[in-house]
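J.: based on what follows, work out the 3D shape:
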Amino acid sequence: MALYGVIGDPIAHSMSPLMHNSAFKENGIDAEYVKFHVKKEQLPEAILGIKALGIKGVNVTVPHKEQVMPLLDEIDPLAEAIGAVNTIVNDNGKLIGYNTDGLGFVEGLKKLAGDSIKNKSILIIGAGGAAKAIYYTLASSGVGRIDVTNRTPDRAEKMMETCPFALQSVFLTLDDAENVLQEYDVIIQTTSIGMYPHIDQSPLKIGRLKQGSIVSDIIYNPLETALLKQAKQKGALTQNGLDMFVFQGALSFEKWTGIFPAHSIMKNIVLQQLGGQHVNR
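T.: The predicted structure is shown next:
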């Protein structure tokens, strides 16, 4: 039996074992996916353990996505640019790091926007790790305009300046973003604002939101944030973070096995188990 897993701290509420073990079963693969609670000071030993135990693949969640990189043998160029790894492939003892977070988001977005996202005008709210993965992945896929709004400019401007992919991009204050919101086809909310238990909070006012635009919030607890409720009332197409979570897992599964699992089955497993709590990868 092949062994896979996820490392993080905390890790107790991870949905990944349920999602991946159902995919192994569905595809007739003799494998098991388990949770490994790894504290920051244990990370080097944990990575050595992956090799020693012959663990075939591992997901990486908070707080290890950046710290794990120098411990690996090879880093995929997109993960290198993003500066974070969420998937490790053990290729006959060589550990290769990938980032499927941004790719998972883009796959989910294509469900609403189709393959025409390259022609969309996009606004990203936030400048944290998730925002960077999404920003860089969209930029690498050929999207021409991605603007960023954040409470403070420093981190957003650094994210934009260090992006290795060519695109048009400007920083906006939250007030400025609210005033020109009608210019955007897609708004992507990447902060924790609106996450349980603060479900009544919203990162910005959407009075100028364009009807028919897409509003995507990477939060999936609650499944419909205050922002998404308001956007739906204004005639927008809305999407929570569940598709991103499931697709990033499916892409990890494909890296390990060469098989892209059924998204709908994995999504239903997660929906059944959410239970109103904040859940790590």
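J.: now the strands for the protein?
T.: Assigned strands in the chain, in chain order: 2-8, 31-37, 57-60, 74-75, 87-91, 94-98, 121-125, 145-149, 171-172, 186-189, 214-217, 237-239 (criterion: DSSP state E).
J.: and the ones you listed, which is most packed in?
T.: The highest average neighbour count among these, using mean count of other C-beta atoms under 10 Å, belongs to strand 57-60 at a mean of 28. The way it works is simple: take the backbone N, C-alpha and C, and place the C-beta from them, glycine included.
J.: and that strand, what does it pack onto?
T.: Under the contact criterion of 3 or more C-beta pairs under 8 Å, 6 or more residues apart in numbering; DSSP states H and E, the helices and strands touching strand 57-60 comprise strand 2-8, strand 87-91, helix 242-257.
J.: and of the ones you listed, who's closest to residue 146?
T.: helix 242-257 (16.4 Å; C-beta to C-beta).
J.: which strands or helices does that closest one pack on?
T.: Under the contact definition 3+ C-beta pairs under 8 Å, 6+ apart, helix 242-257 sits against helix 16-26, strand 57-60, strand 87-91, helix 101-113, helix 263-273.
J.: got the buried residues for that helix?
T.: Residues of helix 242-257 classed as buried: 242-253, 255-257 (neighbour count, 16 or more other C-beta atoms under 10 Å).
J.: on that earlier part again, would you turn the strands of the chain into JSON lines with distance to residue 45?
T.: What follows is the strands of the chain, written out as JSON lines (distance: least, C-beta to C-beta, whole Å):
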{"stretch": "strand 2-8", "distance to residue 45": "11"}
{"stretch": "strand 31-37", "distance to residue 45": "11"}
{"stretch": "strand 57-60", "distance to residue 45": "14"}
{"stretch": "strand 74-75", "distance to residue 45": "20"}
{"stretch": "strand 87-91", "distance to residue 45": "15"}
{"stretch": "strand 94-98", "distance to residue 45": "14"}
{"stretch": "strand 121-125", "distance to residue 45": "36"}
{"stretch": "strand 145-149", "distance to residue 45": "38"}
{"stretch": "strand 171-172", "distance to residue 45": "41"}
{"stretch": "strand 186-189", "distance to residue 45": "37"}
{"stretch": "strand 214-217", "distance to residue 45": "37"}
{"stretch": "strand 237-239", "distance to residue 45": "39"}
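J.: as a markdown table, these with mean pLDDT and distance to residue 271 would be great.
T.: Rendered in a markdown table, the data for these read as follows (pLDDT from 0 to 100; distance: least, C-beta to C-beta, whole Å):
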| stretch | mean pLDDT | distance to residue 271 |
| --- | --- | --- |
| strand 2-8 | 98 | 19 |
| strand 31-37 | 98 | 19 |
| strand 57-60 | 98 | 19 |
| strand 74-75 | 98 | 33 |
| strand 87-91 | 98 | 23 |
| strand 94-98 | 98 | 26 |
| strand 121-125 | 97 | 25 |
| strand 145-149 | 97 | 30 |
| strand 171-172 | 98 | 34 |
| strand 186-189 | 98 | 20 |
| strand 214-217 | 98 | 16 |
| strand 237-239 | 97 | 14 |
